[in-house]
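In: Make a model of this:
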Amino acid sequence: MNRLRQKQSQHKKRIAFTVTNDLVTDNRVHKIATTLLGLGFDVTLIGRIQSNSQTLTNRPYSTFRMGLWFNKGPLFYANYNLSLLSYLLFKKFDCIVSNDLDTLLACFIASKITKKELVYDSHEYFTEVPELVDRPLIKKSWEVIEKKIVPKLKHCYTVCQSIANVYNTKYGTNFKVVRNIPLRLSDKKNHKEFTPPFPTDLPIILYQGAVNYGRGIEEAIVAMHQINNARLVIIGTGDEFEQCKYLVQKEQLQDKVLLTGRIPFEQLKYITPYATVGLSIEKDIGLNYRYALPNKLFDYIQSKVPILASELPEIKKVVNEYNVGTTIKHTSSDLISEAINKILSSPNQLKKWKQNCAIAAEELCWENEEKIIKEIYINLFI
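Out: This is a model prediction of the structure:
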């Protein structure tokens, strides 16, 4: 560590993090960047800006958001990677970090041309996301990029052991595991001092995260017909956001279901503790979801919110190992409503789960997980 600081005192190593989002809600990249700042690196986060992008809060590192001509589909990815490549070639960085497969092509080419280090952070099993399952030609295109580049990577990590095992077996790589775990909630500001964007007169059933296909959100909405004296709050946005808004109106559940849209992670940590139950009910569609280990799972634990989750292997392992909630075999409206009604009518069990969350939160925090990140990046320059 001292040798690294001595070298960096002469020349701070510059690291570029690349993402396709607008940086507002990407807490994983924020945490890693902040950890590296603490080690003395000069960090820049590179994303994109859209017409509906919120203003970024003050960040301790540099940020750059590219304006693009296209915002979805193949033209977006082509536009993004060409713009990113141009930026990386004309800026001086000592290390380029590609976050997910959709940034990897530009980062790989730039690292080869500039002869700089390349690190790959796979946030998910990209080629097995549900959005690609029924689109074989597009899926094949991403698989070609993955097959050509991933076997050549020397420095790489991902979000759970199951995905690491797949990559390491398939490509002979050495993916390490850095789970998407939040910082320990030690902020002196009590969450009760923060007013959430929803009423709290009833128990809150919370879903936070991407509102995308296969997350069980539509089933949770319909399940509210069978759940009384509680409110479902959905925080986030995504491809299915408008469909979910329509479903709420169609089912006449406006009084029982609220969709807040996106909330920056700096505020979200004060909102999550208001929940009574946190949902992580992804469906088993494609290997990406089967091996999912969502960050919201750990956000709930840090906020002492008991969990209702799918019986997917990585998720079930955490819920059962720490006894912080319960799981359901299938993501159906009937099973969701049955499980939630049972939870809400079991105050002693809820109390026990909350206590277990508090215990688990001491272990499942970024302060422990970041040790792996420190080791990866220190070894790059020593």
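
In: Next secondary structure element downstream of the helix or strand that residue 314 is a member of?
Out: If you go by DSSP states H and E, residue 314 is part of helix 313-322. Per DSSP H and E, the first helix or strand lying C-terminal to helix 313-322 is strand 325-328.

In: Direction included, what does that next one pair against?
Out: Within its sheet, strand 325-328 is paired with strand 307-310 (parallel), according to DSSP bridges.

In: quick one: contacts of the partner strand?
Out: Strand 307-310 has contacts (C-beta atoms under 8 Å, 6 or more residues apart in numbering) with 216, 277-284, 297, 300-301, 315-316, 319, 324-328, 331, 336, 339-340, 343, 353. (C-beta placed from N, C-alpha, C; glycine too.)

In: Buried ones from these, can you make that a ChimeraX selection?
Out: Restricted to buried positions by 16 or more other C-beta atoms under 10 Å, the ChimeraX selection for these reads:
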select :216,277,278,279,280,281,282,283,284,297,300,301,315,319,324,325,326,327,328,331,336,339,340,343,353
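
In: now the helix holding residue 314, how far from the centre of its chain.
Out: 18 Å (C-alpha atoms, centre = their mean, to the nearest Å).

In: for it, packing partners?
Out: Counting contacts by 3 or more C-beta pairs under 8 Å, 6 or more residues apart in numbering; DSSP states H and E, helix 313-322 is packed against helix 161-171, helix 295-302, strand 307-310, strand 325-328, helix 347-363.

In: switch the cut-off to 10 Å
Out: Using 3 or more C-beta pairs under 10 Å, 6 or more residues apart in numbering; DSSP states H and E as the contact definition, the elements that helix 313-322 packs against are helix 161-171, strand 277-280, helix 287-290, helix 295-302, strand 307-310, strand 325-328, helix 347-363.

In: Considering the ones you listed, which stretch scores lowest in mean pLDDT?
Out: Looking at those, the lowest mean pLDDT belongs to helix 287-290 (a mean of 91).

In: helices or strands next to it in the packing?
Out: Helices and strands touching helix 287-290, by 3+ C-beta pairs under 10 Å, 6+ apart, are helix 130-133, helix 161-171, helix 313-322.

In: Check which element follows the second one along the chain.
Out: Right, helix 161-171. strand 176-177.

In: Can you report how many residues neighbour the residue nearest to residue 147 when sequence neighbours are not counted?
Out: Closest residue to residue 147 apart from its sequence neighbours, by C-beta to C-beta, 6 or more residues apart in numbering: residue 171 at 7.9 Å. The local packing of residue 171 (other C-beta atoms under 10 Å) involves 17 other residues.

In: contacts for stretch 129-146?
Out: The contact list for stretch 129-146 (C-beta atoms under 10 Å, 6 or more residues apart in numbering) reads 73-74, 77, 81, 100-102, 104-105, 108, 122, 125-128, 167, 170-171, 212-215, 239, 282-283, 285-289.

In: just how off-centre is that stretch within its chain?
Out: Put simply, stretch 129-146 sits 20 Å off its chain's centre (C-alpha atoms, centre = their mean).

In: in it, what's buried?
Out: 129, 130, 132, 133, 139, 142, 143, 145, 146.

In: okay, the residues you listed in a markdown table with distance to residue 35 and pLDDT next?
Out: Below are these laid out as a markdown table (distance: C-beta to C-beta, whole Å; pLDDT from 0 to 100):
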| residue | distance to residue 35 | pLDDT |
| --- | --- | --- |
| 129 | 27 | 88 |
| 130 | 31 | 83 |
| 132 | 31 | 83 |
| 133 | 34 | 77 |
| 139 | 33 | 92 |
| 142 | 29 | 95 |
| 143 | 32 | 95 |
| 145 | 28 | 96 |
| 146 | 27 | 97 |
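
In: Phi, psi for residue 292 please.
Out: phi -60, psi 140 (degrees, to the nearest 10).

In: and if you look at residue 16?
Out: Per degrees, to the nearest 10, the backbone of residue 16 is at phi -110, psi 120.

In: Show the contacting residues for the nearest residue to it once chain neighbours are set aside.
Out: Closest residue in space to residue 16, ignoring its immediate chain neighbours: residue 93 at 4.4 Å, by C-beta to C-beta, 6+ apart. Contacts for residue 93 (C-beta under 10 Å, 6+ apart) come out as 13-17, 42, 44, 46, 87, 110-111, 114, 116-117.

In: ok, now which ones touch the residue most central in space within the chain?
Out: Residue closest to the mean C-alpha point of the chain, counted by C-alpha atoms, centre = their mean, is residue 295 at 5.2 Å. By C-beta under 10 Å, 6+ apart, the contact set of residue 295 is 27-28, 31, 123, 159, 179-182, 208-209, 265, 280.

In: what about it, distance to residue 171?
Out: Distance from residue 295 to residue 171, counting by C-beta to C-beta, to the nearest Å: 25 Å.

In: Next: residue 48.
Out: Going from residue 48 to residue 171 by C-beta to C-beta gives 28 Å.

In: What of residue 263?
Out: 37 Å.

In: just the contacts of residue 295: which has the poorest pLDDT?
Out: Ranking the contacts of residue 295 by pLDDT, residue 265 lands last with 87.

In: ok, now how distant is it from residue 249?
Out: 29 Å.

In: same question, residue 242
Out: To residue 249, residue 242 is 11 Å away according to C-beta to C-beta.

In: I'd like the next helix or strand past the lengthiest strand in the chain.
Out: Determined from DSSP state E, the single longest strand within the chain is strand 42-49. Proceeding N to C from strand 42-49, the next assigned helix or strand is strand 62-67, under DSSP H and E.
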